[in-house]
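Undergrad: starting from these lines, generate the structure:
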Amino acid sequence: MRKIAPLLAAAVLTFTAGDTVRAAPAASVPFLAHQAVYDLSLRKARGNAAVNSARGRILYSFSGSSCDGYTTDFRQVSELDSGESRTTMSDLRSTSWEEADGKSYRFKVETRMNDNAPAAVDGMAERTAHGITVKLKQPQQKTFNLGEETVFPTEQVKRIIAAAKAGKTILELVVYDGSDDGEKVYNTLTVIGQPIPGDRKPAQPDASSDSDALKSMTRWPVTVSYYDRAAKSDAGEQTPVYAMSFELYENGVSRALVLDYNDFVIAGAMGKIDVKDTKPCKP
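TA: Next up, the predicted model:
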């Protein structure tokens, strides 16, 4: 099972009614430093997908500021039951740091399937005057370049919130997060729904419902589809590698996760959220 891309903390083009406009500046509400736990369960399986049940948990920790940059620690442990005593266990851990202006990004990812040896990705990316240079240490040393339109995960979230506040409903971004073998780049399509005022409680209450930090916050229903930028699409519409839906608060917190892996869909309910202290920026 793929991870939820670090959108919980997620290029340059916003398309509305066929017009191309540059996304608005970053949201004025600062990101909330927090730690959240999401409980995973199988929502549905499609076609001949051999998935009878699924369970797991996401532990997501986000901290930092506009002066110190943003740190994300993520762990997703999942168990898929395919019947006849066939179970697949996956354990994904990642940590990343992103400069607040989106110029620099460091990342480490470790993935373990069942009892196999873990696969590791370790690298950094720097924005230059001509694009982005990525330097990998693992799985093998390699240097390559990405287009200047590419954004990193926290910048992706900033752009989505800015577009939502500007009343946009569609946002296209090219995103690099260091996942898979460290060379994957995604074209993403984000669909943004109508704003939900802070005084409207969720239909299915969770830990966010009683959080003082979220009670007055506007949120938006958001769906982000991820497409492999390197894949060659045949005639017709390209199928996303995966898609994720959630409600995104204007301070960067996400609730009501739905992870669509095409063959099956996983729901992630927020079981707990703890607000963390943020070190103030020096004058």
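Undergrad: next one: the closest residue to residue 214 other than its chain neighbours from residue 149, what distance?
TA: Here the nearest residue to residue 214 in space, its sequence neighbours aside, is residue 208; by Cβ to Cβ, 6 or more residues apart in numbering that works out to 5.0 Å. To be clear about C-beta, it is placed using only N, CA and C from the backbone, and glycine gets the same treatment. Note on residue 208: its distance to residue 149, by Cβ to Cβ, to the nearest Å, is 33 Å.
Undergrad: who's more crowded, those two?
TA: residue 208 (24 against 13; other Cβ atoms under 10 Å).
Undergrad: where does that one land in three-state SS?
TA: Under the three-state scheme (DSSP: H, G, I helix; E, B strand; the rest coil), residue 208 adopts helix.
Undergrad: how about the contacts made by it?
TA: The contact partners of residue 208, by Cβ atoms under 8 Å, 6 or more residues apart in numbering, come to 202, 214, 249, 253, 255, 270, 273.
Undergrad: closest one of these to residue 40?
TA: residue 270 (11.3 Å; Cβ to Cβ).
Undergrad: what about that closest one, how many neighbours?
TA: Residues near residue 270, counting by other Cβ under 10 Å: 26.
Undergrad: and the one 10 residues further on, by the same measure?
TA: Using other Cβ under 10 Å, residue 280 has 8 neighbouring residues.
Undergrad: with distance to residue 54 added, can I get the contacts of residue 208 in JSON lines?
TA: Output for those, formatted as JSON lines (distance: Cβ to Cβ, whole Å):
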{"residue": "202", "distance to residue 54": "22"}
{"residue": "214", "distance to residue 54": "27"}
{"residue": "249", "distance to residue 54": "26"}
{"residue": "253", "distance to residue 54": "24"}
{"residue": "255", "distance to residue 54": "19"}
{"residue": "270", "distance to residue 54": "17"}
{"residue": "273", "distance to residue 54": "22"}
